[in-house]
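Trainee: Give me a 3D structure for the following:
(one chain, ligands or ions: 2)
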Amino acid sequence: METKELNLITNREKAIEEAGELLKNGGVVAIPTETVYGLAADAFNADAVAKIFEAKGRPQDNPVIVHICDRDQLSKVVSAVPEKAEKLMDAFWPGPLTLVMPKADAVPSTVCAGLPTVAVRFPRDKDTQDIIRAAGTPLAAPSANISGSPSPTKALHVMSDLKGKIDAVVKASGLCEVGLESTVIDMTKEPPVLLRPGAVTPEQIESVIGKIEISEGVLHQLPEGETAASPGMKYRHYAPKVKVVLVKGSYEKYRDFLNDRQSSKNVALCYKGEGTDIGCPAISYGLCNSPEEQAKELFDALRRIDKMAVNVVYARCPKPEGIGLALYNRLIRAAGFEVLDLGE
Ligand code: TXA
Ligand code: MG
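Mentor: Ligands and ions are numbered 1, 2, ... in the order given. Below you'll find the predicted structure:
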């Protein structure tokens, strides 16, 4: 299959119109959002949704998120809106927050992997909104990567994973604004349960609806055989092909640790400006004091490491607070939960 490239920069109107046409006709199109690129299909077309799973190599038991372009579309996909969900929508939609709610009968079970619930997001990116509008239907869309690899934050990442397997990719310029996938929270539970941390932080959510629970799988490895509240959490994720070790402690301890093990087969995944004192190859992502910039650049950094001939990645460990919780959650998965604590 030839994968068309629809360029928002050179001809926005045409790119959106063509993407809309393809999606209307049961096609599968990668689209930019403010979080990461999504692999989209008409959420009410079970055959089209099946093609998403096939292209990604995604396990059938991992449900996908439905994207809407205004609050009116919500009633098409959910059968009830919990009161606290309404409050979160008022506060954070459109934006990087996904709410799990009871599903409407019309949503095919392939979208929800047989669950009685559906995850819904109203993205704030104007291009995403216009593509959904042009398609004339809510869009089912997981991240547009091969299952298990880091989510794509630019069109080039999508092409390197999915070229030839999907109908088209809509290209925006540069990296996605946020760079990490949306916050996912299950609103069918009381208190609601945070399933995946993202740019909308637990602190922000609690300031609107009070106490929430953080799912065990956010920070820890789920015991063998335990069913995950969010099926996506049980899979190894965000992982480059080489081994990743997360290193806790001060920058000085980290630098000395790596300088004791100088090798071209080790790579440091550190913050901007830190690599120069380290005697092995270094990839940096974001300034030390800017977790937002780190979030935006992390997946691109992991993909750059994949292109290097190295054996082990030693990654600086982010503070698990604010958006740092989302960074920590992604990195600890990439590291297969292996953390080395060097102390302060
Ligand atoms: O930012 C994002 O959320 C991106 C963009 C494209 O919107 N999408 C994304 O989709 O990251 P995906 O499929 O890679 O991650 C969706 C997560 C998975 O962990 C999945 O298990 C969970 O949401 N999920 C989806 N539907 C669910 C449901 N009904 N109940 C519980 N978890 C659900
Ligand atoms: Mg994903």
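Trainee: Could you use CA atoms for every contact and neighbour count after this?
Mentor: Fine.
Trainee: What score does the residue positioned nearest the centre of the chain have for pLDDT?
Mentor: By Cα atoms, centre = their mean, the mean C-alpha position of the chain lies nearest to Glu181, the distance being 2.5 Å. At Glu181, the model reports a pLDDT of 98.
Trainee: and if you look at the one 3 residues further on?
Mentor: Confidence per residue is given as pLDDT, and for Val184 that number is 98.
Trainee: Contact partners for the residue nearest to the centre of the chain?
Mentor: Neighbouring residues of Glu181 by Cα atoms under 8 Å, 6 or more residues apart in numbering: 35-36, 96, 143, 151, 198.
Trainee: Tell me which two of the residues you listed sit farthest apart.
Mentor: Largest separation among the contacts of Glu181 by Cα to Cα: Pro96 and Ser151, giving 14.7 Å.
Trainee: picking up where we left off before, so which of the contacts of Glu181 are also by ligand 1?
Mentor: Restricting the contacts of Glu181 to those touching ligand 1 (Cα under 6 Å from any ligand atom) yields 35-36, 143.
Trainee: Ligand 1 contacts on the protein?
Mentor: Within the chain, the residues that sit near ligand 1 (Cα under 6 Å from any ligand atom) are 35-38, 62-65, 100, 112, 117-119, 141-143, 181-182, 230-233.
Trainee: of those, buried ones?
Mentor: The neighbour count (16 or more other Cα atoms under 10 Å) marks 35-38, 62-65, 100, 112, 117-119, 141-143, 181-182, 230, 232-233 as buried among the residues of the chain next to ligand 1.
Trainee: if we can go back for a sec, how about a markdown table for the ones next to ligand 1 among the contacts of Glu181, with pLDDT and secondary structure added?
Mentor: As requested, the ones next to ligand 1 among the contacts of Glu181 are exported to a markdown table (pLDDT from 0 to 100; DSSP: H, G, I helix; E, B strand; the rest coil):
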| residue | pLDDT | secondary structure |
| --- | --- | --- |
| Thr35 | 98 | coil |
| Val36 | 98 | coil |
| Ser143 | 98 | strand |
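Trainee: Do me a favour and average the pLDDT over stretch 218-227.
Mentor: So the average pLDDT for stretch 218-227 ends up being 74.
Trainee: ditto for stretch 130-138
Mentor: Mean per-residue pLDDT for stretch 130-138: 98.
Trainee: Now that stretch - C-alpha only, PDB.
Mentor: Output in PDB follows, covering the C-alpha atoms of stretch 130-138 (Å, rounded to 0.1, in the frame of the first residue of the first chain):
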ATOM      1  CA  ASP A 130     -10.600  20.100  11.800                       C
ATOM      2  CA  ILE A 131      -9.700  16.600  10.600                       C
ATOM      3  CA  ILE A 132     -12.300  15.100  12.900                       C
ATOM      4  CA  ARG A 133     -14.800  17.600  11.600                       C
ATOM      5  CA  ALA A 134     -13.900  16.800   7.900                       C
ATOM      6  CA  ALA A 135     -14.300  13.100   8.600                       C
ATOM      7  CA  GLY A 136     -17.800  13.900  10.000                       C
ATOM      8  CA  THR A 137     -17.400  11.200  12.700                       C
ATOM      9  CA  PRO A 138     -15.600  10.700  16.000                       C
END
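Trainee: Can you give me the buried ones in it?
Mentor: Quick answer for stretch 130-138 (16+ other Cα under 10 Å): 130-138.
Trainee: Filter these down to the ones in helices?
Mentor: 130-135 (DSSP state H).
Trainee: low pLDDT regions in the stretch 101-250 of the chain?
Mentor: For the stretch 101-250 of the chain, the stretches with pLDDT under 70 are 224-239.
Trainee: circling back: could I get the ones next to ligand 1 among the contacts of Glu181 in a markdown table, plus columns for distance to Val81?
Mentor: Shown next, in a markdown table, are the ones next to ligand 1 among the contacts of Glu181 (distance: Cα to Cα, whole Å):
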| residue | distance to Val81 |
| --- | --- |
| Thr35 | 24 |
| Val36 | 26 |
| Ser143 | 25 |
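Trainee: from those, which is closest to Thr10?
Mentor: Proximity of those to Thr10, judged by Cα to Cα, is greatest for Val36, which lies at 21.0 Å.
Trainee: residues touching that closest one, list them.
Mentor: By Cα under 8 Å, 6+ apart, the contact set of Val36 is 143-144, 151-154, 176, 178-181.
Trainee: Taking the residues you listed, tell me the two that lie furthest apart.
Mentor: Across these, the longest distance by Cα to Cα is 15.4 Å; it joins Ala144 and Val178.
Trainee: which helix in the protein runs the most residues?
Mentor: Counting residues, the longest helix found in the chain (DSSP H) is helix 291-306.
Trainee: Show me where the protein has its helices.
Mentor: With DSSP H as the criterion, the chain has helices at 12-24, 46-56, 74-77, 83-92, 109-112, 126-135, 155-162, 202-209, 251-259, 291-306, 324-334.
Trainee: Name the surrounding residues that touch the longest one.
Mentor: It refers to helix 291-306. Under Cα under 8 Å, 6+ apart, the answer for helix 291-306 is 150-153, 175-180, 238-242, 267, 269, 271, 283-288, 323-324, 327.
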